[in-house]
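> Return a 3D structure for these sequence lines:
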Amino acid sequence: MAQDLDDLRNHLRRLRRDLSPERQSSAAAGLLERIRDEEFFRAARRVAFYMAVAGEVSPSPLLRYALDEKKSCFLPVVAGEHDLDFVSYEAASSLVENRWGIPEPEEGTHIEPRSLDLVFVPLVGFTRDCVRLGNGKAYYDRAFAFRLTSPEPRPLLVGLGHECQLVESLPVREWDVPLDAVATPERIFYRGNRD
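Numbering: from 1, shown residues only. The predicted model follows:
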């Protein structure tokens with residue numbers, strides 16, 4: 001099964017990388033339009049984003065909008081071999097690339113993952129019921145593992161993707177932290193199939 005998942009990851013990465021710059025720009029703008037008026041976004045004060053790489057759908061327009069709305073914004077920072085921290089981000093923040101070429105804040109205020117209200121999660125693939133296929137390093141699963149046993153539904157975890165990343169099914173392992181929703185520029189899928 002591991003080889004099958006690796007093959008699927010490679011296929012889906014190729015699909016998103018092959019999207020033209022115009023399609024990528026349109027998708028980023030579409031995400032802003034799709035999400036900015038949603039109650040889960042309007043109510044959130046502390047929001048984690050990510051910097052898109054390798055064809056990931058970009059939340060950058062939404063991040064700029066959140067900053068304009070005076071939300072406290074954060075970006076993930078890889079800490080050590082297996083951990084993910086979240087560090088404050090402002091328009092003037094300087095970014096440095098980590099070992100995978102992903103821009104991270106050079107400095108800022110750290111926040112505990114459970115103190116966030118909303119986290120936008122990158123993904124390689126997803127299903128209609130919000131099962132996520134990540135890059136295989138389990139950084140987000142480790143950071144939000146407390147969601148597996150906590151009755152508190154915070155933070156809300158929302159995956160962001162292109163429609164071409166939607167697949168019929170994915171295996172769920174005991175350490176996989178489920179997403180609450182997945183947003184594409186065209187629609188939002190909610191866990192429990194409320195789409």
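
> quick one: contacts for Pro153?
Contacts of Pro153 were listed using CB atoms under 8 Å, 6 or more residues apart in numbering, and they are 147, 180. Backbone N, C-alpha and C define where each C-beta goes, glycine included.

> separation between it and Phe41?
Summarising the geometry, the distance separating Pro153 from Phe41, computed by CB to CB, to the nearest Å, is 15 Å.

> Provide the secondary structure category for the nearest residue to Pro61 once chain neighbours are set aside.
The shortest distance from Pro61 to any non-neighbouring residue, by CB to CB, 6 or more residues apart in numbering, is to Leu32 (4.2 Å). Taking DSSP: H, G, I helix; E, B strand; the rest coil as the rule, one finds Leu32 in the helix state.

> Now for Leu32: which residues touch it?
Leu32 sits next to 61-62, 65 when contact means CB under 8 Å, 6+ apart.

> Can you flag the buried ones in these?
For the contacts of Leu32, burial is judged from neighbour counts taken by 16 or more other CB atoms under 10 Å, and it is met by 61-62.

> quick check, nearest of the contacts of Leu32 to Gly125?
Checking the contacts of Leu32 against Gly125 by CB to CB gives Leu62 as the nearest, at 21.0 Å.

> is it true that the closest one touches Arg36?
Yes - under the criterion of CB atoms under 8 Å, Leu62 is in contact with Arg36, at a separation of 6.8 Å.

> pLDDT at Asp4, what is it?
The predicted local confidence for Asp4 comes out at a pLDDT of 84.

> same check, this time on Ile188
The model reports Ile188 with a pLDDT of 96.
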